[in-house]
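Asker: Give the three-dimensional model of this entry:
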Amino acid sequence: MINICINCGQFRADKTIDPEGQYAICPECGYKHPFLISPLMVVSGASGAGKTTICCQLLGKVKDAILLDSDILWRAEFNQPESNYRDFFETWLRVAKDISQSGRPVVLFGAGLGVPSNIELCVERRYFSEIYYLALVCSEGTLEKRLQSRPEWRQSGNIKFIKANIGLNNWFKSQGSDQKSGIDLLDTTEISVQETADQVASWISKKLMNLRP
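Answerer: Numbers count the residues shown, from 1 in each chain. A predicted model of the protein is given here:
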(Lines give C-alpha, C1' and ligand atoms only; values in the text may rest on other atoms or scores of the structure.)
Protein backbone atom coordinates (compact mmCIF):
# COMPACT_ATOMS: atom_id res chain seq x y z
CA MET A 1 0.00 0.00 0.00
CA ILE A 2 2.55 2.60 1.10
CA ASN A 3 5.32 1.38 -1.22
CA ILE A 4 3.50 2.42 -4.42
CA CYS A 5 3.33 6.20 -4.66
CA ILE A 6 -0.23 7.34 -5.39
CA ASN A 7 1.18 10.48 -7.02
CA CYS A 8 3.84 9.20 -9.45
CA GLY A 9 3.04 5.48 -9.39
CA GLN A 10 6.61 4.37 -8.64
CA PHE A 11 7.33 1.43 -6.31
CA ARG A 12 9.80 2.59 -3.67
CA ALA A 13 10.11 0.80 -0.35
CA ASP A 14 12.82 3.23 0.74
CA LYS A 15 10.59 6.21 1.42
CA THR A 16 11.80 8.87 3.83
CA ILE A 17 9.88 8.98 7.09
CA ASP A 18 8.99 12.46 8.27
CA PRO A 19 10.62 13.12 11.70
CA GLU A 20 7.16 13.71 13.15
CA GLY A 21 6.04 10.32 11.83
CA GLN A 22 3.12 11.75 9.88
CA TYR A 23 4.31 11.20 6.33
CA ALA A 24 6.21 8.68 4.20
CA ILE A 25 7.88 10.79 1.53
CA CYS A 26 8.40 9.42 -1.99
CA PRO A 27 12.06 9.80 -3.08
CA GLU A 28 10.94 10.01 -6.73
CA CYS A 29 8.49 12.92 -6.62
CA GLY A 30 8.48 14.13 -3.02
CA TYR A 31 4.83 13.30 -2.42
CA LYS A 32 3.98 13.03 1.27
CA HIS A 33 1.90 9.94 1.95
CA PRO A 34 -0.08 10.32 5.18
CA PHE A 35 1.43 7.74 7.48
CA LEU A 36 0.73 6.43 10.97
CA ILE A 37 4.01 5.36 12.56
CA SER A 38 3.78 2.80 15.35
CA PRO A 39 5.99 0.26 17.11
CA LEU A 40 6.29 -3.41 16.19
CA MET A 41 6.41 -6.09 18.88
CA VAL A 42 8.16 -9.41 18.25
CA VAL A 43 7.68 -12.48 20.44
CA SER A 44 10.44 -14.91 19.59
CA GLY A 45 12.35 -17.93 20.80
CA ALA A 46 13.64 -21.22 19.47
CA SER A 47 11.29 -23.80 17.99
CA GLY A 48 9.62 -25.47 20.97
CA ALA A 49 9.82 -22.44 23.24
CA GLY A 50 6.06 -21.91 23.03
CA LYS A 51 5.51 -19.10 20.52
CA THR A 52 2.65 -20.64 18.53
CA THR A 53 0.94 -22.00 21.64
CA ILE A 54 0.99 -18.57 23.30
CA CYS A 55 -0.12 -16.77 20.15
CA CYS A 56 -3.16 -19.07 19.95
CA GLN A 57 -3.79 -18.64 23.68
CA LEU A 58 -3.90 -14.85 23.37
CA LEU A 59 -6.00 -14.56 20.20
CA GLY A 60 -9.16 -12.62 20.98
CA LYS A 61 -7.85 -11.62 24.41
CA VAL A 62 -5.39 -8.90 23.42
CA LYS A 63 -7.67 -6.22 21.99
CA ASP A 64 -5.30 -3.34 21.26
CA ALA A 65 -2.93 -5.12 18.87
CA ILE A 66 -3.01 -7.59 15.98
CA LEU A 67 -1.33 -10.91 16.80
CA LEU A 68 0.12 -12.95 13.93
CA ASP A 69 2.19 -16.13 13.70
CA SER A 70 4.92 -15.57 11.10
CA ASP A 71 4.76 -19.21 9.97
CA ILE A 72 1.52 -18.53 8.09
CA LEU A 73 3.47 -16.88 5.23
CA TRP A 74 6.35 -19.36 5.07
CA ARG A 75 6.80 -20.95 1.64
CA ALA A 76 9.62 -22.88 -0.01
CA GLU A 77 10.76 -19.81 -1.97
CA PHE A 78 11.60 -18.03 1.29
CA ASN A 79 14.08 -20.77 2.23
CA GLN A 80 17.13 -18.74 1.23
CA PRO A 81 19.85 -19.13 3.85
CA GLU A 82 22.37 -17.53 1.47
CA SER A 83 20.57 -14.19 1.93
CA ASN A 84 19.81 -14.87 5.60
CA TYR A 85 16.11 -15.18 4.68
CA ARG A 86 15.98 -11.43 4.02
CA ASP A 87 12.99 -11.60 1.65
CA PHE A 88 10.92 -13.35 4.32
CA PHE A 89 11.73 -10.70 6.92
CA GLU A 90 11.12 -7.81 4.51
CA THR A 91 7.77 -9.33 3.52
CA TRP A 92 6.63 -9.59 7.14
CA LEU A 93 7.69 -6.03 7.93
CA ARG A 94 5.76 -4.83 4.89
CA VAL A 95 2.64 -6.72 5.98
CA ALA A 96 2.92 -5.43 9.55
CA LYS A 97 3.45 -1.88 8.28
CA ASP A 98 0.28 -1.92 6.19
CA ILE A 99 -1.81 -3.54 8.93
CA SER A 100 -0.69 -0.93 11.46
CA GLN A 101 -2.12 1.81 9.24
CA SER A 102 -5.54 0.73 10.50
CA GLY A 103 -4.61 2.08 13.92
CA ARG A 104 -3.51 -1.02 15.82
CA PRO A 105 0.13 -2.14 16.06
CA VAL A 106 1.21 -5.67 15.23
CA VAL A 107 2.71 -8.39 17.44
CA LEU A 108 4.64 -10.94 15.37
CA PHE A 109 5.41 -14.40 16.74
CA GLY A 110 8.42 -15.98 15.05
CA ALA A 111 11.92 -17.37 15.63
CA GLY A 112 14.25 -15.54 13.25
CA LEU A 113 12.32 -12.30 13.61
CA GLY A 114 13.56 -12.12 17.20
CA VAL A 115 17.21 -11.74 16.19
CA PRO A 116 17.66 -7.97 15.83
CA SER A 117 20.39 -8.25 13.17
CA ASN A 118 17.83 -9.98 10.91
CA ILE A 119 15.42 -7.06 11.19
CA GLU A 120 17.24 -3.83 11.93
CA LEU A 121 19.00 -3.73 8.53
CA CYS A 122 15.82 -4.31 6.51
CA VAL A 123 14.58 -1.54 4.22
CA GLU A 124 11.10 -1.81 5.74
CA ARG A 125 12.45 -1.30 9.28
CA ARG A 126 12.21 2.50 8.83
CA TYR A 127 8.41 2.38 9.05
CA PHE A 128 8.34 1.50 12.75
CA SER A 129 9.03 3.90 15.60
CA GLU A 130 10.47 1.08 17.72
CA ILE A 131 10.80 -2.68 17.57
CA TYR A 132 10.40 -4.40 20.91
CA TYR A 133 11.71 -7.95 21.33
CA LEU A 134 10.64 -10.64 23.78
CA ALA A 135 12.20 -14.13 23.65
CA LEU A 136 10.62 -17.18 25.25
CA VAL A 137 13.38 -19.44 26.56
CA CYS A 138 13.59 -22.65 28.59
CA SER A 139 16.08 -25.25 29.78
CA GLU A 140 17.81 -27.45 27.20
CA GLY A 141 16.11 -30.57 28.56
CA THR A 142 12.67 -28.98 28.39
CA LEU A 143 13.23 -27.80 24.83
CA GLU A 144 14.43 -31.22 23.68
CA LYS A 145 11.46 -32.93 25.33
CA ARG A 146 8.99 -30.56 23.67
CA LEU A 147 10.50 -31.04 20.23
CA GLN A 148 10.57 -34.82 20.54
CA SER A 149 6.93 -34.92 21.61
CA ARG A 150 5.69 -33.20 18.45
CA PRO A 151 3.87 -35.16 15.72
CA GLU A 152 6.21 -36.98 13.36
CA TRP A 153 5.14 -34.96 10.32
CA ARG A 154 6.78 -31.85 11.83
CA GLN A 155 10.19 -33.58 11.72
CA SER A 156 11.22 -31.83 14.93
CA GLY A 157 12.72 -34.87 16.64
CA ASN A 158 15.90 -35.33 14.61
CA ILE A 159 19.19 -34.57 16.35
CA LYS A 160 20.31 -31.86 13.90
CA PHE A 161 17.09 -29.89 14.32
CA ILE A 162 17.17 -30.21 18.10
CA LYS A 163 20.80 -29.09 18.34
CA ALA A 164 20.15 -26.07 16.12
CA ASN A 165 17.28 -24.93 18.28
CA ILE A 166 19.12 -25.54 21.52
CA GLY A 167 21.83 -23.30 20.06
CA LEU A 168 19.31 -20.54 19.31
CA ASN A 169 17.69 -20.94 22.72
CA ASN A 170 21.10 -20.58 24.39
CA TRP A 171 21.95 -17.56 22.23
CA PHE A 172 18.84 -15.76 23.46
CA LYS A 173 19.71 -16.58 27.06
CA SER A 174 23.39 -15.63 26.85
CA GLN A 175 23.38 -12.69 24.45
CA GLY A 176 19.80 -11.51 23.99
CA SER A 177 19.80 -8.85 26.68
CA ASP A 178 23.18 -7.56 25.45
CA GLN A 179 21.88 -6.73 21.98
CA LYS A 180 21.74 -3.04 21.06
CA SER A 181 17.98 -3.28 20.59
CA GLY A 182 17.61 -5.22 23.84
CA ILE A 183 15.69 -8.49 24.08
CA ASP A 184 13.48 -9.16 27.09
CA LEU A 185 13.51 -12.79 28.25
CA LEU A 186 10.76 -14.98 29.68
CA ASP A 187 11.77 -18.42 30.96
CA THR A 188 8.91 -20.88 30.43
CA THR A 189 10.62 -23.94 31.96
CA GLU A 190 8.71 -23.97 35.24
CA ILE A 191 5.53 -22.04 34.43
CA SER A 192 2.27 -23.14 32.83
CA VAL A 193 0.96 -22.14 29.43
CA GLN A 194 -1.59 -19.87 31.12
CA GLU A 195 1.06 -18.17 33.25
CA THR A 196 3.24 -17.68 30.17
CA ALA A 197 0.31 -16.22 28.22
CA ASP A 198 -0.51 -13.85 31.08
CA GLN A 199 3.07 -12.60 31.23
CA VAL A 200 3.29 -12.12 27.46
CA ALA A 201 -0.02 -10.22 27.53
CA SER A 202 1.37 -8.03 30.31
CA TRP A 203 4.52 -7.35 28.27
CA ILE A 204 2.43 -6.34 25.25
CA SER A 205 0.28 -4.09 27.42
CA LYS A 206 3.32 -2.32 28.85
CA LYS A 207 4.70 -1.63 25.39
CA LEU A 208 1.34 -0.33 24.22
CA MET A 209 1.31 2.11 27.14
CA ASN A 210 3.96 4.06 25.24
CA LEU A 211 1.35 4.83 22.58
CA ARG A 212 -1.21 6.32 24.92
CA PRO A 213 -1.18 10.04 25.65
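Asker: Now residue 47: closest residue in space that isn't a chain neighbour?
Answerer: Once flanking residues are discounted, residue 47 sits nearest to residue 165: 4.7 Å by C-beta to C-beta, 6 or more residues apart in numbering. In this view, the C-beta of every residue, glycine as well, is placed from N, C-alpha and C.
Asker: what sits against the one you found?
Answerer: 46, 47, 48, 143, 147 (C-beta atoms under 8 Å, 6 or more residues apart in numbering).
Asker: Could you export these to CSV, including columns for pLDDT, distance to residue 129 and neighbour count?
Answerer: Below are the contacts of residue 165 laid out as CSV (pLDDT from 0 to 100; distance: C-beta to C-beta, whole Å; neighbours: other C-beta atoms under 10 Å):
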residue, pLDDT, distance to residue 129, neighbour count
46, 96, 28, 27
47, 93, 30, 20
48, 92, 32, 28
143, 95, 33, 25
147, 94, 36, 20
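Asker: Which of these sits closest to residue 119?
Answerer: Closest to residue 119 out of those is residue 46 (16.9 Å), distances taken as C-beta to C-beta.
Asker: Name the helix or strand for that closest one, please.
Answerer: For residue 46, there is no host helix or strand (DSSP states H and E).
Asker: before we move on, what about residue 175?
Answerer: helix 159-175.
Asker: what's near enough to touch residue 200?
Answerer: Contacts for residue 200 (C-beta under 8 Å, 6+ apart) come out as 43, 54, 58, 134, 136, 186.
Asker: Counting only helices, which of the residues you listed make the cut?
Answerer: Under the assignment DSSP state H, the contacts of residue 200 contribute 54, 58 to helices.
Asker: quick one: which of the contacts of residue 200 has the most company?
Answerer: Most neighbours among these, by other C-beta atoms under 10 Å: residue 43, with 29 neighbours.
Asker: just the helices in this protein please.
Answerer: Counting by DSSP H, the chain has helices at residues 51-58, 86-100, 116-119, 140-148, 159-175, 193-208.
Asker: Residue 24 contacts residue 16, correct?
Answerer: Yes - between residue 24 and residue 16 a contact is recorded at 7.4 Å, counting by C-beta atoms under 8 Å.
Asker: Comparing those two, which residue is more hemmed in?
Answerer: Set residue 24 next to residue 16 and count neighbours by other C-beta under 10 Å: residue 24 wins out with 23 against 14.
Asker: which stretches of the chain have low pLDDT?
Answerer: 177-181, 211-213 (pLDDT under 70).
Asker: try 80 this time
Answerer: Within the chain, the stretches with pLDDT under 80 are 1, 20-21, 154-155, 176-181, 210-213.
Asker: Show me which residues of the strand ranked longest in the chain are buried.
Answerer: For the chain, the strand with the greatest residue count under DSSP state E is strand 128-137. Going by neighbour count (16 or more other C-beta atoms under 10 Å), the buried part of strand 128-137 is 128, 131, 132, 133, 134, 135, 136, 137.
Asker: Please render those as JSON lines that adds distance to residue 9 to the earlier fields.
Answerer: Output for the buried residues of strand 128-137, formatted as JSON lines (distance: C-beta to C-beta, whole Å):
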{"residue": "128", "distance to residue 9": "25"}
{"residue": "131", "distance to residue 9": "30"}
{"residue": "132", "distance to residue 9": "35"}
{"residue": "133", "distance to residue 9": "36"}
{"residue": "134", "distance to residue 9": "39"}
{"residue": "135", "distance to residue 9": "41"}
{"residue": "136", "distance to residue 9": "43"}
{"residue": "137", "distance to residue 9": "46"}
